[in-house]
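In: after the sequence you'll find the predicted model.
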Amino acid sequence: MADIRKKVGPRGTSYQVRYATKTGYAYKSFATRKEALEYRDTSATRKGQPAGSSNIRTVRQGLQFWIDVCRNEGRDGRVPVTAHTLKTYEAYRDYIIEYDWPPLRELTPPNVIEFRGWLLRNYSHDRSRKLLSAFHSMVLELVRRNLLTYDVAAGVSIRSDSRYDEPVTIPTEKEVGDLLAAADRLANSKNLSIQQTWRRYRPMLYLAVDSGMRPQEYLAVPEHNLTDYGVNVEQAIERGDTKISVPKTRAGRRFIPLSPETISMVRHYAKNHGVPEKLNKHRLVFPTASGRWQTYTNWRRRGFLVACEEAGLGEYKTIDGTERFLARFAPYSLRHFYASMLIEQRTNLKRIQALMGHADIETTFNVYGHLIERKEADLEQRSGMIAGLRNKSCG
């Protein structure tokens, strides 16, 4: 990527072009901005670009280049994406290239606006938003590398309609208390098989409630990430349970304070009932007997849903002639509960974002905005505007 910098010195104003080379950056100065622009747009400033980048002429080629960057380098200083995310991006590419695009360098903002309309006519609101976002990410990557002159998608967006979505289902404090009590009973069952199973699931459940971590995060917690005061989140199981990797975003790396009871319980399990070190190569706190990480599906079916049934958090229904228990909540509900308690305690919003591992504050608002509004409304009702004015009155 090449850029132009205006320099003002004793000899007057000059324009310096900085461009990438194989060993770093090179610089060349010009008396006028026009000369600098002409030089920036020549092939001389593109010697540092990845192989094949000069052949990008179509949106299809641009998308493939963007995917290759995501796979091999990571976008804009980020780590390379996971295999699951890569498959998602490839699926996005296949949707986007269905549109009848002009040559890449002839793209204009009206073209992108027309593309947005095409998306909304052919796909759901949510999918359209994701596809437009992926297209914009591709454009930004090409602009950074001087393969496009400007961001043709700037200002063209599809707003999230999460404000109108049905709010997430969040268990109450009593329901979470009942769930933990059920885990206590199962861990102390007279049935030795149940007792042994819940020797592991009980501390997992307590950790989930106390940390608000994603299931894929607490299933992949290694022993060395537990401290005397909390847990460091540095890795997670990829969707599809294929491997342990880094969190999806930088914000996923965080420290979460824990209660002493939870730390003691988790450490006791790891020390006294964990898998032998020669099998547990990832040094996980909650591995399977073979040393592999537990899958989300296995934890949900054999652990979480059993605790829900024991606590009475659901109902029995006859489906296809068979009576089944349908739980009121899912493991992810504990994460929502954790966020709701932070909001109830009036925790700073940036702090909530950090503890939840959200990449941006918009995500926090989109998921939990209705709880924040409810809390603010509740506080307003307790005092009222006039009461607040009277409290500040001098009369």
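Out: Sure, I can see it.

In: quick one: the strands in the stretch 101-250 of the chain?
Out: 230-233, 236-237, 244-245 (DSSP state E, counting those that start in this stretch).

In: thought S259 was touching L207?
Out: No. With contact defined as CB atoms under 8 Å, S259 does not count as touching L207 (10.2 Å). No exception for glycine: its C-beta is placed from N, CA and C like everyone else's.

In: how distant is stretch 235-251 from the center of its chain?
Out: 10 Å (CA atoms, centre = their mean, to the nearest Å).

In: what average pLDDT does that stretch get?
Out: Stretch 235-251 shows a mean pLDDT of 81.

In: what segments of the stretch 201-350 of the chain are helices?
Out: Taking DSSP state H, counting those that start in this stretch as the test, the helices found in the stretch 201-350 of the chain are 215-218, 260-273, 296-299, 305-311, 332-344, 349-356.

In: what's the most buried one of those helices?
Out: Neighbour counts (mean count of other CB atoms under 10 Å) averaged over each of the helices of the stretch 201-350 of the chain peak at helix 215-218, with a mean of 24.

In: how about that one as PDB, C-alpha atoms only?
Out: Only the C-alpha atoms of helix 215-218 are listed here, as PDB (Å, rounded to 0.1, in the frame of the first residue of the first chain):
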ATOM      1  CA  PRO A 215     -19.400 -22.800  26.400                       C
ATOM      2  CA  GLN A 216     -16.600 -23.200  23.800                       C
ATOM      3  CA  GLU A 217     -14.300 -21.100  26.100                       C
ATOM      4  CA  TYR A 218     -14.900 -22.900  29.400                       C
END
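
In: who has more neighbours out of S259 and L207?
Out: Higher neighbour count among S259 and L207: L207, with 26 against 13, using other CB atoms under 10 Å.

In: now the more buried one: how far from D241?
Out: With distances taken as CB to CB, to the nearest Å, L207 is found 19 Å from D241.

In: correct me, but G303 touches P203?
Out: No. Assessed by CB under 8 Å, G303 is found out of contact with P203, at 11.1 Å.

In: the more surrounded of the two?
Out: When G303 and P203 are compared on other CB under 10 Å, the one with more neighbours turns out to be P203, at 25 against 22.

In: give me every residue that touches the more buried one.
Out: 262, 265-266, 268-269, 286 (CB atoms under 8 Å, 6 or more residues apart in numbering).

In: swap in 10 Å and give it another go.
Out: Going by CB atoms under 10 Å, 6 or more residues apart in numbering, P203 touches 183, 187, 218, 262-270, 273, 285-286.

In: could you measure from it over to E73?
Out: With CB to CB as the criterion, P203 and E73 are 39 Å apart.

In: now, among the contacts of P203, which is nearest to D126?
Out: Y218 (27.4 Å; CB to CB).

In: what do G303 and P203 both touch?
Out: Counting by CB under 10 Å, 6+ apart, the residues touching both G303 and P203 are A183.

In: skipping adjacent residues, who's closest to R199 in space?
Out: H273 (5.6 Å; CB to CB, 6 or more residues apart in numbering).

In: before we move on, what about A154?
Out: P109 (7.5 Å).

In: wait, the one you found touches H136, no?
Out: No. Using CB atoms under 10 Å, P109 is not in contact with H136, being 11.8 Å away.

In: higher neighbour count, those two?
Out: Neighbours were counted for P109 and for H136 using other CB under 10 Å; H136 has more, 17 against 14.

In: which residues does the more buried one contact?
Out: 112, 151-154, 156-157.

In: check the gap between it and R129 for me.
Out: Taken as CB to CB, the span from H136 to R129 is 11 Å.

In: shared neighbours, those two?
Out: Common neighbours of H136 and R129 (CB under 10 Å, 6+ apart) are S157.

In: number of residues surrounding P102?
Out: So P102, with other CB under 10 Å, has 11 neighbours.

In: ignoring the adjacent residues along the chain, who's closest to it?
Out: Closest to P102 by CB to CB, 6+ apart is N111, at 6.3 Å.

In: please name the strands paired to the helix or strand containing K6 in the sheet, noting orientation.
Out: Assessed by DSSP states H and E, K6 sits inside strand 3-9. With DSSP bridges as the test, strand 3-9 is paired with strand 12-21 (antiparallel).
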